[in-house]
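> here you go, sequence then predicted model.
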Amino acid sequence: MAERAEELDIAIIGAGFSGLYAVHKFREKYKIVCFEAGDGVGGTWYWNRYPGARVDIESVEYSYSFDEELQQEWKWPEYFSAQPDLERYANHVADRFDLRKDIRLSNAVKSLRFDADTNRWHVHSENGDHVICKYIIAATGALSAPNMPDWPGRDAYTGEIYHTTQWPDEPLDLKDKRVGIIGTGSTSIQAAPILAERSKHLTVFQRTPAFSMPSGNRPLDEEHEREWKENYSERRAQILNTYGVSLIEYPTKAAGECTPEEQTAILEAGWASKSAFQLMVAFTDVMTNRNANDVVSEFARGKIRDIVDDPETAEKLCPKDYPIGAKRLCIDNGYYEMYNRDNVSLVDVKDAPITAFTETGLKTTDASHDLDVIVTATGFDALTGALNRIDIQGANGINLRDKWRDGPTTAYGFMVAGFPNLFMIHGPLSPGALAQMITSGEWQVDFVAGVIGDLENDGYARIDTTEAAEQSWAAEVNGAASHTVYDLADSWYNGKNIDGKKGGFMIYVGGFPRYRALCEGAVKNDYEGFLRS
Ligand code: NA7
């Protein structure tokens, strides 16, 4: 029996925070559907339910701005919300705005094919749905394709293995268990202290040490909340005019303009600020001047040496090969203190890497480790992974994966030449995860809504971008990164966390105000860099 295709205007991929807002925004005018792989909404905050999962941006900022009543009525219990509160919020928004009727859960998109004769996308999903539509909004997430180590022997291992994005719903009873956690990124740094408290023994397998600073999370102060709510509309507008879409305290002085005593005072205040990322903005030039960065890095190493009792462990935990902030600065609740517990050990797997799972645990090139539970906190095939896992065929039969074999190419991070009418939210080479993602995601959805509105009003059937526009955007992205120290580490920002992944620096670090101005400028300039027909 021939399958019956549904004809709609827009298919949105992903019901994370940007996807949910896109559902709300686009359904006002268009016939839409939203496909979601998970069996609930919330994206990142649906999948990442490991113990300790928590956002590292203040919740009064990291929340929707599109509805005044919502932002006035919603109460965040803490400064930096935990995953259950963020998931509750996503569900509240889905219910409050009646979004669920357009969302198909547990129904991942399998393939997208553009029919150039009809200017329509054909969407096929895991559940066998076939939608024909004019536009695709890919709100697929920057950190949604998990990176699983593929060492041999996984089937032979008799214990339990959990990637942090696939945490079981039932609480794990770990009290008699030897637990191993692989990785020391933000995820591990949040989960490890809790796993250490709950388990018999925790072994942390570290390939590269991370820089981390205390989160200072605490119950949300009523005065702070009231003050934000009284000024929400101005604050949201101000936020969009900041470099990282966040009202953290920005500095006025370069490190070199301060005496050593002033530097220390500023850094101590940043460390104690209870405001995430303050070390990265201790001075105006932390991320642009290696000498300034060294001052901050050395300060952070000093804190590690102060906190961790065993000098050998402390030294192993001190990052020495890359600038602070070049890998995402982690925000912790007692990570370094955890190493003072008797039931925690640190194994360096840089020089002696993990080579296999064994029946009883993990094997490195120089030892075997017996473990009842292995937690892979090994991160993500970030930025490009989620789209590359869908089979996407553009206008000339070209596949996105092939086009991006040597790294992603985009115009402004939201369109790819040869893939007309497909818009990415937080796509590769956009400000993405280096900007506060809810507010910047709302801005991007609104921007794309403007583009689609123009197309419809002006009677065009399609919009594409060009390879020349992609090249000029690559020059802008690389130019911005070249003024910073961001690319001086192997990280998910440049794909070097994944063996064999190519691409260079994949996030736009020229600041959100410049990003907005460039996107809006292209539109005003008669869609410069785009082809409409
Ligand atoms: P990250 O930050 O990419 O961290 C992953 C960690 O896993 C990191 O320490 C990696 O070491 C380690 N890793 C990955 N593969 C291996 C292998 N094969 N062997 C040993 N260690 C390995 O991911 P997270 O989930 O922690 O955080 C992602 C983002 O989510 C975060 O930045 C926030 O924005 C929220 P490496 O450093 O590559 O040597």
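Arrived safely, thanks for sending.
> low-scoring stretches of this protein, by residue?
Counting by pLDDT under 70, the chain shows low-confidence ranges at 1-3.
> list the residues that contact residue 293.
286-287, 323-325, 485 (Cβ atoms under 8 Å, 6 or more residues apart in numbering). For glycine as for every other residue, the C-beta is placed from the backbone atoms N, C-alpha and C.
> any idea which element it lies in?
Using DSSP states H and E, the element containing residue 293 is helix 290-307.
> ok, and for that helix, which residues are buried?
Buried residues in helix 290-307, defined by neighbour count with 16 or more other Cβ atoms under 10 Å: 292-293, 295-297, 299-301, 303-304, 307.
> from these, pick the one nearest residue 112.
residue 293 (41.3 Å; Cβ to Cβ).
> which residue packs closest to that closest one, ignoring adjacent ones?
The shortest distance from residue 293 to any residue other than its chain neighbours is 4.2 Å, reached at residue 323 (Cβ to Cβ, 6 or more residues apart in numbering).
> kindly check the end-to-end length of stretch 325-336 for me.
Taking Cα to Cα, to the nearest Å, the first and last residues of stretch 325-336 lie 18 Å apart.
> oh, that last question was meant for stretch 232-251, not what I typed.
End to end - Cα to Cα - stretch 232-251 spans 23 Å.
> other residues contacting it?
57-58, 61, 65, 68, 71-72, 228, 266, 273, 275-278, 281-284, 431, 434-436, 439-440, 443, 511-513, 516.
> can you say which of those residues are buried?
Looks like the contacts of stretch 232-251 have 57-58, 61, 65, 71, 228, 266, 273, 275-278, 281-284, 431, 434-436, 439-440, 443, 511-512, 516 buried, using 16+ other Cβ under 10 Å.
> and the stretch 401-533 of the chain, which of its residues are near the ligand?
Selection of the stretch 401-533 of the chain residues close to the ligand by Cβ under 6 Å from any ligand atom yields 433, 492, 497.
> can you pull the contacts of the nearest residue in space to the first one that is not next to it in sequence?
Okay, so that is residue 433. Of all residues not flanking residue 433 in the chain, residue 142 sits nearest, at 4.9 Å (Cβ to Cβ, 6+ apart). Counting by Cβ under 8 Å, 6+ apart, residue 142 touches 382-383, 386, 426, 432-433, 437.
> if we use 10 Å, what do you get?
Residues in contact with residue 142 (Cβ atoms under 10 Å, 6 or more residues apart in numbering) are 16, 18, 44, 380, 382-386, 425-428, 430, 432-434, 437, 492, 506-507.
> for the stretch 301-450 of the chain, what spans make up the helices?
311-317, 335-338, 385-388, 400-403, 437-458 (DSSP state H, counting those that start in this stretch).
> to residue 224, which of the ones you listed lies closest?
helix 437-458 (18.2 Å).
> roughly how far out does the closest one sit from the chain middle?
Relative to its parent chain, helix 437-458 has a centroid offset of 21 Å by Cα atoms, centre = their mean, to the nearest Å.
> quick check: buried residues in it?
437-445, 447-449, 451-452, 455.
> which parts of the stretch 51-200 of the chain are strands?
103-104, 109-115, 120-125, 130-133, 135-138, 160-163, 178-182 (DSSP state E, counting those that start in this stretch).
> in the longest one, what's buried?
Within strand 109-115, the residues that qualify as buried by neighbour count (16+ other Cβ under 10 Å) are 109-110, 112, 114.
> just to revisit the earlier point, where's the residue nearest to residue 433 relative to residue 258, distance?
Applying Cβ to Cβ, to the nearest Å, the value for residue 142 to residue 258 is 35 Å.
> just to revisit the earlier point, pull out the buried residues from the contacts of residue 293.
Buried among the contacts of residue 293 by 16+ other Cβ under 10 Å: 286-287, 323-325, 485.
> which of the residues you listed sits closest to the ligand?
Nearest to the ligand, judged by Cβ to the nearest ligand atom, of these is residue 325 at 11.3 Å.
> for the closest one, what are its contacts?
211, 277, 279-281, 286-287, 293, 296-297, 300, 434, 484-486, 488-489.
> neighbours of the closest residue in space to residue 146 that isn't next to it in sequence, how many?
Setting aside the residues directly before and after it, residue 146 is nearest to residue 165 in space (Cβ to Cβ, 6+ apart), at 4.8 Å. Neighbour count for residue 165, taken as other Cβ atoms under 10 Å: 23.
> state the distance from residue 165 to residue 172.
Distance check for residue 165 against residue 172: by Cβ to Cβ, it reads 15 Å.
> same question for residue 200.
13 Å.
> who has more neighbours, those two?
The neighbour comparison of residue 200 against residue 172 (other Cβ under 10 Å) goes to residue 172, with 17 against 12.
> what number of residues lie near residue 75?
11.
> same deal with residue 189?
26.
> do I have it right that it meets residue 327?
No - using Cβ atoms under 10 Å, residue 189 is not in contact with residue 327; the gap is 11.4 Å.
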